[in-house]
Each structure stands twice: as C-alpha cells, then as structure tokens.
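Participant: From the sequence below, what's the structure:
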Amino acid sequence: MPVLAAIQSGTWNQVPVILGSNHDELQPTAALTPGLGYPLDPLIYSIAVDVLFGGDAPQVLAEYPAANYADPAFALGALLTDNAFACPTDKLRHLLSTLTPTYGYEFDDPNAPPGVQSGMPSGAYHSADVQYLFDYTPSHGVLSPDQKALSLEMIRYWAAFADQGRPEVQAAPIWPRFDELSHGVLSLRPVASTAIDDFADFHHCDFWNSLHP
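Facilitator: Residues are numbered from 1 along each chain as shown. Next comes the predicted model:
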C-alpha cells in the first residue's frame, strides 16, 4: 500500500514522528548537470524549466524569476528543492500532525562540507545533514567547531526523541511540536538553531500545492 494511502487509512504504527528536509536540497543541481553548469545562462535556465515543467513552465518562471537570484543556477536549485523536497515534506507533516505527535526540522548550515561543488556554493544540500547526525568526518572536509557543536546538538535531540518520544534537550533551543496552528519547525543552524514558522512561505508551498493539489 502506498505510504500516503496507509497513513490516511490508519494502517501504520502511530508513533511520534520527526520529519524534515534540508534548506538547499538540490542547490548544486545546475553545477553538477552536464549541459547546465555554473554560472548558468538565463536562456538555458528558461529552457531547463520548460523541459522539466512543460505547460506549467511560465508559472514556474514567474514564481522563480532569474533576476531575483544571484545566478539562475540558484533559482533552479531553489525551485527543484521546493517542488521535490520542501513542500512534499511540509504536506506530509500537516497530515501526520493530525494523527500523531509530529516534529519538523530544516537542516540549514549554508557552509556544510564540502561547501562548494563544481564551483558552486552547495549550501545545505541533500544528505549534508548525515555527517552531522552520525558524527563522522566527511572525506571532503572537516566540521568547524560550530558545526561540531551543531552535530552534538542534533545527536542529543534524536537520542532524546528515541528515548522519550519528544526531542527535548536540556539547555538546547526548544523544538516545537508541529501542529495546524503554529506550523513550528526547528531550523538546525550552527551557533543558533531556532524555531521558525515561515517554512512554507519561504519555499513557495502555496504555489506548488496549487500545481499539485
């Protein structure tokens, strides 16, 4: 049975849930994709969006105009991140929060190792959080003292959640429970993790939900 169908039918083990994504999941896409590259030509950006979204491309380009970004490569990374990761994650959080205690997060270290991929700043890219949560030294760099502190903080949150069903850690920022009123998500950042309530706005989720009802 598909995951969403199982959740909606109640055919699942209804335990508390941590569910999140990374701030820049697919930011390095243009730099790592043959035929695109970084810096990215604005015309190539428009063609790529047209290929990816067909009849919806004009709406997507209007929502993510290249002029709003330092380079069209960042626009492409942002729209792919929002469409494929951020907004589906947020939609699932909304559903789960009506059924079980749910805690949302966004990993947001803009300088997570390696920091640059094919010449482009990689941001908090897909899988960047793994080296923090599982406390290992990545082959492509090392964690700074602030990043190591974030790693320890994340490990403590997950351990507390496994132990008590709540990510409550003494002397750490409060991780709010996600619900239909507050939409609170913990932004995991070096130096200053903090609760945010504008996740859906930042990632244009109303727009993507209108394209994918």
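Participant: When you work out contacts or count neighbours from here on, use the C-alpha atoms and nothing else.
Facilitator: Noted.
Participant: Could you find the closest non-adjacent residue to Thr89?
Facilitator: Gly20 (6.5 Å; C-alpha to C-alpha, 6 or more residues apart in numbering).
Participant: who's in contact with that neighbour?
Facilitator: 89-90, 104-107 (C-alpha atoms under 8 Å, 6 or more residues apart in numbering).
Participant: and it, that's in a helix?
Facilitator: No: assignment of Gly20 by DSSP: H, G, I helix; E, B strand; the rest coil gives strand, placing it outside any helix.
Participant: Would you mind listing where the protein has pLDDT under the threshold?
Facilitator: 139 (pLDDT under 70).
Participant: those strands in it, which residues are they?
Facilitator: 17-22, 102-107, 116-117, 120-121, 185-188, 194-196 (DSSP state E).
Participant: Direction included, what does the second one pair up with?
Facilitator: Based on DSSP bridges, the pairing partners of strand 102-107 within the sheet are strand 17-22 (parallel), strand 185-188 (parallel).
Participant: now these in TSV, with distance to Pro28?
Facilitator: Below are those laid out as TSV (distance: least, C-alpha to C-alpha, whole Å):
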stretch	distance to Pro28
strand 17-22	13
strand 185-188	20
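Participant: most packed of those strands?
Facilitator: Among the strands paired with strand 102-107, ranked by average contacts under mean count of other C-alpha atoms under 10 Å, first place goes to strand 185-188 (a mean of 24).
Participant: Double-check Phe134 against Glu153; I have them as touching.
Facilitator: No: the pair Phe134 / Glu153 is not scored as a contact, 11.6 Å apart, by C-alpha atoms under 8 Å.
Participant: and those two? which has more neighbours close in?
Facilitator: Looking at Phe134 and Glu153 with other C-alpha atoms under 10 Å, you find the greater number of neighbours at Glu153, namely 22 against 12.
Participant: tell me the contacts of the more buried one?
Facilitator: Ala172.
Participant: Now do it against Ala75, distance only.
Facilitator: According to C-alpha to C-alpha, to the nearest Å, Glu153 stands 31 Å off from Ala75.
Participant: need the longest helix for this structure.
Facilitator: Counting residues, the longest helix in the chain under DSSP state H turns out to be helix 145-164.
Participant: What residues sit buried inside that helix?
Facilitator: For helix 145-164, a neighbour-count test (16 or more other C-alpha atoms under 10 Å) marks 147-151, 153-161 as buried.
Participant: and stretch 3-14, how far out from the chain's middle?
Facilitator: 23 Å (C-alpha atoms, centre = their mean, to the nearest Å).
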